[in-house]
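Quick one, structure for this:
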Amino acid sequence: MGSQRTVNIKDQIIQNARKLIGTPFRHTGRSSLGIDCGGLIYLAFGRVGFSIPVNDGSYYSVAWWKHNNAEPRLYNFLKKAGFVFLSDNELVDKCDIVCFKLFGENYPAHHCGIMINQTHFIHAKCGWGSKDRKVGFDPLYPSYYKRLDSIMRYKEF
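Residues are numbered from 1 along each chain as shown. I've put the predicted structure just below:
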């Protein structure tokens, strides 16, 4: 689980994410006025001193996730911030980043959220299976687990 300092930092990150509950979804949003999944990570981790890039440096167009480079863009954004992929034998923990292929296997991974415990995560709901396009909680199982592509953890955790 890590040191007490790590546990405290994780609790602060989760607290920061929870403060954004109800914030409306906004493509490329990075404030409490509107936020997307990358913005949630940017604010939740950034407010405790993590250096999280605003994005991968590329222009985001509408439906950017349909493009072939969407998956590398998501993972490069997270890798640049210091996240690494979990191996198959590691258990998910709070503050891990879960990455999804919401539109099926034929589309790249393009959506992410922050685990708040081993069963639930918080994310900026962007429309798939959601009438409420805003930051909120969801269980990982069963529906999101079917679309789970990978799990990443900050390298210092």
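
going forward, measure contacts between C-alpha atoms and count neighbours the same way
Fine.

Where do the helices of the protein begin and end?
Secondary structure of the chain (DSSP state H): helices located at 4-18, 37-46, 70-80.

max-length strand in the chain?
Scanning the chain for the strand with the most residues, using DSSP state E, yields strand 148-154.

In its sheet, which strands sit next to it, and in what direction?
strand 83-85 (antiparallel), strand 97-100 (antiparallel) (DSSP bridges).

Could you identify which of the helices of the chain is most buried?
Most buried of these, by mean neighbour count (mean count of other Cα atoms under 10 Å): helix 37-46, with a mean of 24.

ok so, going back, okay if I get the helices of the chain as a markdown table plus mean pLDDT and distance to Gly113?
Formatted as a markdown table, the helices of the chain follow (pLDDT from 0 to 100; distance: least, Cα to Cα, whole Å):
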| stretch | mean pLDDT | distance to Gly113 |
| --- | --- | --- |
| helix 4-18 | 94 | 10 |
| helix 37-46 | 92 | 6 |
| helix 70-80 | 78 | 12 |
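
Check which helices and strands the helix or strand of the chain with the lowest mean pLDDT sits against.
Ranked by mean pLDDT, DSSP states H and E, the weakest helix or strand in the chain is helix 70-80, scoring a mean of 78. Contacts defined by 3 or more Cα pairs under 8 Å, 6 or more residues apart in numbering; DSSP states H and E place helix 70-80 against no helix or strand at all.

any idea how far Tyr145 lies from Val84?
20 Å (Cα to Cα, to the nearest Å).

From the neighbour counts alone, determine which of these two ranks first.
Val84 (18 against 12; other Cα atoms under 10 Å).

and that one, what does it touch?
Residues in contact with Val84 (Cα atoms under 8 Å, 6 or more residues apart in numbering) are Leu78, Met152, Arg153, Tyr154, Lys155.

Excluding chain neighbours, give the residue nearest to the second one in space.
This points to Met152. Phe85 (4.4 Å; Cα to Cα, 6 or more residues apart in numbering).

now the third one
Distances taken as Cα to Cα, 6+ apart place Asp96 nearest to Arg153, at 4.8 Å, with adjacent residues excluded.
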